[in-house]
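Undergrad: Predicted model and sequence below, questions to follow.
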Amino acid sequence: MASWSTRDGSGIASYLAHRHDPHDVGGCSSARPCRGTVATWSTRIHCRARCELSPDTLDTRCVGATVFVAFSGANWSTSAARESGIVPYINRPGGVRLHAEVTGRSDAPVVLLIQGLGTDKNGWILQRFGMATRYRTIAFDNRGSGRSTTPDEPFTLEDMADDAAAVLEHFGVTSAHVVGASMGGAISQILSVKHAALVRSLTLVCTACRNKPWRTELLRHWADTANVRGMREWANDSARWLVGPRSFRRLAPALTWLGPFATHRPSKGFTAQVDAIVSTDDSMVAELSSITAPTLVIVGNQDILTPRADSEEIAERIAHAELVVISGAAHGLMFEHASTFNPIVFDFIDRAERERRAATEPASASA
């Protein structure tokens with residue numbers, strides 16, 4: 001679990017990250033839980049679940065592991081797919097080609113990982129290879145990112161949700177545990193409404209169910225920066241919105257070194273994804289109540305891009321959803337605090353799978 005840092009930062013991001021919220025145990029010293037504690041909220045029950053994990057979950061070793069797998073793991077999984085006869089590209093209408101990779105056991109439950117704005121499948125590196133021992137994991141590049149293509153015509157988040165459904169169909173998967181982060185969380189919500197039968201469980205990470213004017217303005221600014229000054233400048237501009245202040249200070253040298261590798265792609269796909277996000281209206285919000293899959297919502301209490309209030313709204317609208325707030329974590333919590341994040345997600349998927357089997361076994365026995 002992340003440590004409870006009270007050191008002052010600078011700028012609006014640090015101000016927002018450290019502002020006092022009397023309802024937030026991460027920001028209120030009098031209500032602060034002990035180290036190694038995850039504060040968990042459902043819509044009705046307030047409880048705490050202890051995680052015996054290291055408080056310092058992101059350092060240069062994690063970054064090094066991410067780089068290593070990003071450059072070697074992709075080649076390994078592609079070769080494995082080729083040897084097993086699996087085609088890693090999925091053709092979609094409009095000439096779009098999606099690139100996907102499969103890892104893990106072929107006989108295990110399937111987990112579909114959907115990444116966020118401008119990020120490819122390698123954003124899940126610290127989860128994918130931990131999941132490989134217990135699940136069959138499918139990670140793919142959204143249209144406009146990674147090795148997938150960017151269409152000339154505008155597209156929507158609904159198109160991207162249909163892409164996710166097509167990826168599952170391509171690999172012969174009838175249902176999967178879906179994990180989506182940020183924009184990928186919005187896509188996952190649409191997938192769960194439009195293609196409910198495909199979703200065994202739903203994990204929504206650092207995401208929202210509606211646009212906010214300030215966030216729309218920020219995303220448009222990012223798109224302008226990427227178009228005019230390049231993706232490297234966008235990365236510099238956005239880093240403090242994506243990584244917590246403490247981790248940012250610790251990792252600044254490594255992030256600088258990684259910049260050329262992470263941001264060498266052209267801005268076309270990034271800005272097309274931004275357009276898809278900001279053009280989405282709030283009509284889907286009312287549909288969230290129709291989601292029946294077991295749902296886990298995770299947010300960091302230092303997330304200033306999709307703050308805790310966004311996750312609370314989602315958890316309130318989806319029946320029986322669980323809300324977990326990870327102290328000290330920001331928007332990039334899946335890599336910034338992977339050793340806390342991973343057990344929470346793995347435990348939830350395991351529970352959902354056990355409950356599903358328990359529900360189907362009596363029916364099978366009676367038949």
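TA: Here it is on my side, so go on.
Undergrad: where do the helices sit along the protein?
TA: Along the chain, counting by DSSP state H, helices occupy 11-18, 60-83, 125-131, 157-170, 183-194, 213-229, 231-242, 245-262, 268-278, 308-317, 333-336, 338-366.
Undergrad: helices or strands next to the third one in the packing?
TA: So that's helix 125-131. Counting contacts by 3 or more Cβ pairs under 8 Å, 6 or more residues apart in numbering; DSSP states H and E, helix 125-131 is packed against helix 60-83, strand 96-104, strand 110-114, strand 136-140, helix 333-336, helix 338-366. No exception for glycine: its C-beta is placed from N, CA and C like everyone else's.
Undergrad: I'd like the mean pLDDT over the longest one, please.
TA: What it means is helix 338-366. Helix 338-366 comes out with an average pLDDT of 87.
Undergrad: swap in stretch 176-196?
TA: Rounded mean pLDDT across stretch 176-196 is 98.
Undergrad: ok, now stretch 206-219?
TA: Stretch 206-219 comes out at a mean pLDDT of 97.
Undergrad: contacts for that stretch?
TA: 116-117, 180-186, 188-189, 241, 274, 277-278, 280-282, 284-285, 288, 298-300, 303, 305-306, 310-311, 313-314, 317, 331-334 (Cβ atoms under 8 Å, 6 or more residues apart in numbering).
Undergrad: With just CA atoms, put it into CSV.
TA: Presented in CSV, the C-alpha positions along stretch 206-219 are these (Å, rounded to 0.1, in the frame of the first residue of the first chain):
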residue,chain,number,x,y,z
CYS,A,206,-9.8,5.3,-12.7
THR,A,207,-12.7,6.2,-14.9
ALA,A,208,-16.0,8.2,-15.2
CYS,A,209,-19.5,7.8,-16.7
ARG,A,210,-19.9,11.3,-17.9
ASN,A,211,-17.9,14.2,-19.4
LYS,A,212,-17.2,17.2,-17.2
PRO,A,213,-16.6,20.7,-18.8
TRP,A,214,-13.2,21.1,-17.2
ARG,A,215,-12.1,17.6,-18.3
THR,A,216,-13.3,18.2,-21.8
GLU,A,217,-11.4,21.4,-22.0
LEU,A,218,-8.3,19.7,-20.6
LEU,A,219,-8.5,16.8,-23.2
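Undergrad: buried sites along that stretch?
TA: 206-209, 211, 215, 219 (16 or more other Cβ atoms under 10 Å).
Undergrad: what about stretch 206-220, start to end distance?
TA: Terminal residues of stretch 206-220 lie 19 Å apart, using Cα to Cα, to the nearest Å.
Undergrad: Across the sheet, point out what pairs with Thr203.
TA: Val179, Leu296 (DSSP bridges).
Undergrad: buried subset of the contacts of stretch 206-219?
TA: For the contacts of stretch 206-219, a burial check counting by 16+ other Cβ under 10 Å picks out 116-117, 180-186, 188-189, 241, 274, 277, 280, 284, 288, 298-300, 303, 305-306, 310-311, 313-314, 317, 331-334.
Undergrad: what residue ranges in the stretch 1-150 of the chain score low on pLDDT?
TA: 1-87 (pLDDT under 70).
Undergrad: I meant to write the stretch 251-367 of the chain there.
TA: Residues of the stretch 251-367 of the chain meeting the criterion pLDDT under 70: 251-264, 362-367.
Undergrad: Apply 80 and report the result again.
TA: 251-265, 361-367 (pLDDT under 80).
Undergrad: Pretty sure Met284 sits against Leu191.
TA: No - Met284 lies out of contact with Leu191 (Cβ atoms under 8 Å); the separation is 10.9 Å.
Undergrad: For the closest residue to Trp234 other than its chain neighbours, give me its contacts.
TA: Distance criterion Cβ to Cβ, 6 or more residues apart in numbering; nearest residue to Trp234, sequence neighbours excluded, is Ala226 at 4.2 Å. Counting by Cβ under 8 Å, 6+ apart, Ala226 makes contact with 233-234, 267, 270-271.
Undergrad: how about 6 Å then?
TA: For Ala226, the contacting residues are 234, 267, 270, by Cβ atoms under 6 Å, 6 or more residues apart in numbering.
Undergrad: neighbours of the last one, just the number please.
TA: Neighbour count for Phe270, taken as other Cβ atoms under 10 Å: 23.
Undergrad: And it, how far from Asp237?
TA: With distances taken as Cβ to Cβ, to the nearest Å, Phe270 is found 12 Å from Asp237.
Undergrad: ok, now how distant is the residue nearest to Trp234 from Thr150?
TA: 13 Å.
Undergrad: swap in Gly95?
TA: Distance from Gly95 to Thr150, by Cβ to Cβ: 10 Å.
Undergrad: And the residue lying closest to Arg220 once chain neighbours are set aside, how far from Thr207?
TA: Setting aside the residues directly before and after it, Arg220 is nearest to Val278 in space (Cβ to Cβ, 6+ apart), at 6.5 Å. Separation of Val278 from Thr207 (Cβ to Cβ) stands at 15 Å.
Undergrad: swap in Pro93?
TA: Using Cβ to Cβ, we find Pro93 at a distance of 26 Å from Thr207.
Undergrad: ditto for Ser238
TA: Relative to Thr207, Ser238 is positioned 17 Å away (Cβ to Cβ).
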